[in-house]
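Chemist: sequence first, predicted coordinates after that:
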Amino acid sequence: MNTLPTWAFYPILAGLIMGSGFFSASETALMRLGRYRLRHLARHGHRGARLAERLLQRPDRVLGIILLGNNFLNILSSVVTTMLALRLGGDSTVAIATGVLTFVMLIIAEIAPKTLAALKPERLAFGASYVLVVLLKVLYPVVWLLNLCANGLLRLFGLRLDDVEESGLTREELRSLVMESGMHQARRQQMLLGVLELEEATVEDVMVPRSQIEGIDIDQDKDSICRQIAVSRHSHLPLFRSSIEDTVGVLNMRELAVNLVETGFDPTQLRALAHEPYFIPEGTTLARQLVNFRQRNRGWALVVDEYGDILGVLTLENVLQEIAGELSQVRESEQDVIIREADGKLLIPGYLGVKRVNRHLGWKLPTDGPRTLNGLVLEQLETMPESGAQLDINGHRAEIVETNKSGVVLLRFDEPALHKSTAHEK
């Protein structure tokens with residue numbers, strides 16, 4: 001190198017500094033890549049993503065080749081700078097040249113390229129992967145030796161590369177990812193969050209309570225059964241004798257309509273048209289029950305407790321509402337809508353689930369105890385309430401409007417804000 005003219009040192013030094021910046025940027029870019037997006041791009045045929053994914057399967061090797069190249073170029077830059085300084089000013093300029101080189105290396109070979117790589121990781125990482133793959137093949141023996149020494153040192157501290165497992169995203173991380181995804185449509189965001197909540201919610205959280213179950217007592221006379229079928233708006237009705245506890249089958253109203261057209265109505269044939277009732281335990285998660293519905297080709301089930309007593313009814317619609325929200329065109333036909341009065345107060349049925357109220361009104365009623373508003377009132381008062389009684393439920397002033405022998409039927413809350421999809425003017 002002593003035979004080179006002085007001017008030749010400048011492009012050589014510039015090339016070494018730029019090469020060092022390339023390795024610095026490559027390291028930051030590869031480490032900043034999102035693993036799930038990288039996997040997605042690789043599976044869809046992106047060549048750079050495939051190479052980057054292959055490199056990151058053995059991070060010790062890719063870091064080995066990057067650090068080997070970076071340190072080699074840094075040392076060579078220092079040598080070239082020293083030789084150039086000796087030619088220009090002798091021994092007295094070496095210290096100054098070293099200080100200038102340090103400053104230049106920090107800016108051009110470290111800070112600037114790493115900042116750029118942090119801002120544009122994919123663009124830099126995918127391009128750099130082509131070069132790194134070739135260098136890794138050429139210098140593999142050296143990288144293998146370096147990794148052997150480094151991994152041996154790590155084993156002294158009880159760490160092995162084989163022990164490191166790739167962990168998936170937790171439910172909380174997925175929820176944060178959805179919330180921070182920047183979706184412009186809040187409806188889509190809420191649907192994704194609803195899917196994540198299926199693992200936490202149980203069938204008891206969204207079922208129709210026992211007091212609201214509509215069924216057909218097959219011991220009734222023909223006229224009563226006909227009137228009940230005529231006014232029913234449900235797709236399925238349980239058949240029972242005297243009490244819902246003695247359910248003998250589930251009647252599909254569509255199949256009944258077909259039968260009426262073909263043979264006319266005969267209440268004695270209801271039992272023959274009914275399907276076997278499907279019972280599910282109260283603690284089943286909605287995610288599990290959604291799978292069960294699909295496997296059994298069912299969309300309607302009776303929820304029972306540990307003693308076999310019927311607690312309520314769960315339909316496929318109830319589960320889907322946890323994902324898509326209230327189906328207002330269906331709920332308006334029932335009596336469990338939240339009504340906004342002219343003065344802004346809210347009329348809410350006592351059997352409405354606490355989680356549903358929280359979701360639609362943005363409240364924070366406690367969910368670790370009773371599952372319905374009626375349960376919250378009974379737990380707080382510790383006695384059967386009377387109409388007109390007032391109480392405070394977690395900061396929300398409530399008045400008991402209507403009661404029956406089993407508890408609260410209707411409450412009035414002093415709350416002006418109401419979700420548009422569930423509020424109906426009275």
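Modeler: Alright, I've got the coordinates.

Chemist: report the buried residues of the helix or strand where Ala42 lies.
Modeler: Assessed by DSSP states H and E, Ala42 sits inside helix 35-43. Neighbour counts over helix 35-43 (16 or more other CB atoms under 10 Å) mark Leu38, Leu41, Ala42 as buried. (C-beta placed from N, C-alpha, C; glycine too.)

Chemist: can you give me the pLDDT of the first one?
Modeler: So the one you mean is Leu38. Leu38 carries a pLDDT value of 87.

Chemist: over to the one 3 residues further on?
Modeler: The confidence metric pLDDT takes the value 89 at Leu41.

Chemist: from memory it sits against Ala49, does it?
Modeler: Yes. Between Leu41 and Ala49 there is a contact under CB atoms under 8 Å: 3.6 Å.

Chemist: how is this structure divided into domains?
Modeler: Annotated domains of the chain cover 6-163, 169-198, 200-321, 330-425 [automatic domain parsing].

Chemist: and these, which one is worst for confidence?
Modeler: When I compare those, domain 169-198 is least confident, with a mean of 66.

Chemist: ok, which stretches of the stretch 301-426 of the chain are helices?
Modeler: Ranges of helices in the stretch 301-426 of the chain, per DSSP state H, counting those that start in this stretch, are 316-324, 328-331, 354-361, 373-381.

Chemist: Throw those into a markdown table and include distance to Arg123 and mean neighbour count, thanks.
Modeler: Converted to a markdown table, these look like this (distance: least, CB to CB, whole Å; neighbours: other CB atoms under 10 Å):
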| stretch | distance to Arg123 | mean neighbour count |
| --- | --- | --- |
| helix 316-324 | 36 | 18 |
| helix 328-331 | 46 | 12 |
| helix 354-361 | 41 | 20 |
| helix 373-381 | 54 | 19 |
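
Chemist: need these in CSV (columns: distance to Asn292).
Modeler: Listed next are these as CSV, based on distance: least, CB to CB, whole Å:
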stretch, distance to Asn292
helix 316-324, 10
helix 328-331, 22
helix 354-361, 21
helix 373-381, 26
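
Chemist: and Phe279, how far is that from Phe413?
Modeler: Separation of Phe279 from Phe413 (CB to CB, to the nearest Å): 35 Å.

Chemist: which of these two has more residues huddled nearby?
Modeler: Phe413 (20 against 12; other CB atoms under 10 Å).

Chemist: isn't that one right next to Pro349, touching?
Modeler: No. The criterion here is CB under 8 Å, and Phe413 misses it with Pro349 at 11.7 Å.

Chemist: okay if I get the buried residues of helix 35-43 as JSON lines plus distance to Ile310?
Modeler: Putting these into JSON lines (distance: CB to CB, whole Å) gives the following:
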{"residue": "Leu38", "distance to Ile310": "51"}
{"residue": "Leu41", "distance to Ile310": "52"}
{"residue": "Ala42", "distance to Ile310": "52"}
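
Chemist: check these against Asn147 and report the nearest one.
Modeler: Leu38 (22.4 Å; CB to CB).

Chemist: wait, that closest one sits on Ala49?
Modeler: Yes. Between Leu38 and Ala49 there is a contact under CB under 8 Å: 5.6 Å.

Chemist: quick one: Pro121 from Leu314, how far?
Modeler: Distance from Pro121 to Leu314, by CB to CB: 46 Å.

Chemist: how about the strands in the stretch 101-250 of the chain?
Modeler: For the stretch 101-250 of the chain, applying DSSP state E, counting those that start in this stretch gives strands covering 208-209, 216-217, 236-241, 243-252.

Chemist: the stretch 301-426 of the chain too?
Modeler: 310-315, 338-340, 346-349, 390-393, 396-404, 407-413, 423-425.

Chemist: include distance to Val80 when you put those strands into TSV, please.
Modeler: Shown next, in TSV, are these (distance: least, CB to CB, whole Å):
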stretch	distance to Val80
strand 310-315	76
strand 338-340	77
strand 346-349	78
strand 390-393	77
strand 396-404	75
strand 407-413	78
strand 423-425	75
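
Chemist: which one of those strands lies closest to Leu106?
Modeler: strand 396-404 (58.9 Å).

Chemist: re the thing from before, which of Pro121 and Leu314 has more neighbours?
Modeler: Using other CB under 10 Å as the criterion, Pro121 and Leu314 rank with Leu314 on top: 27 against 20.

Chemist: what sits opposite that one in the beta ladder?
Modeler: Ala301 (DSSP bridges).

Chemist: what sits against it?
Modeler: Leu314 makes contact with Val203, Val206, Met207, Val208, Ile280, Gln289, Trp300, Ala301, Leu302, Val303, according to CB atoms under 8 Å, 6 or more residues apart in numbering.

Chemist: cool, Ile225 as well?
Modeler: Contact partners of Ile225, counting by CB under 8 Å, 6+ apart, are Ile216, Ile218, Pro267, Leu270.

Chemist: switch to 10 Å and redo it
Modeler: Neighbour list for Ile225: Ile216, Asp217, Ile218, Asp219, Leu239, Phe265, Pro267, Leu270 [criterion: CB atoms under 10 Å, 6 or more residues apart in numbering].

Chemist: in the sheet, who's paired with the first one?
Modeler: In this structure, Ile216 has beta-bridge partners Leu239, where bridges are defined by DSSP bridges.

Chemist: show me what contacts it?
Modeler: 224-225, 228-229, 232, 237-240, 249, 251, 267, 270, 274.

Chemist: of the residues you listed, which is the nearest to Pro370?
Modeler: Using CB to CB, those come closest to Pro370 at Pro238, 25.3 Å.

Chemist: not counting sequence-adjacent ones, nearest residue to the closest one?
Modeler: Nearest residue to Pro238 in three dimensions, chain neighbours excluded: Gly215, at 4.0 Å (CB to CB, 6 or more residues apart in numbering).

Chemist: how many neighbours does the one you found have?
Modeler: 19.

Chemist: do the same with the one 3 residues further on
Modeler: For Ile218, the number of neighbouring residues by other CB under 10 Å comes to 19.

Chemist: gap between the residue nearest to it when sequence neighbours are not counted and Val304?
Modeler: Nearest non-adjacent residue to Ile218, counting by CB to CB, 6+ apart: Leu239, 5.4 Å away. Distance, Leu239 to Val304, by CB to CB: 17 Å.
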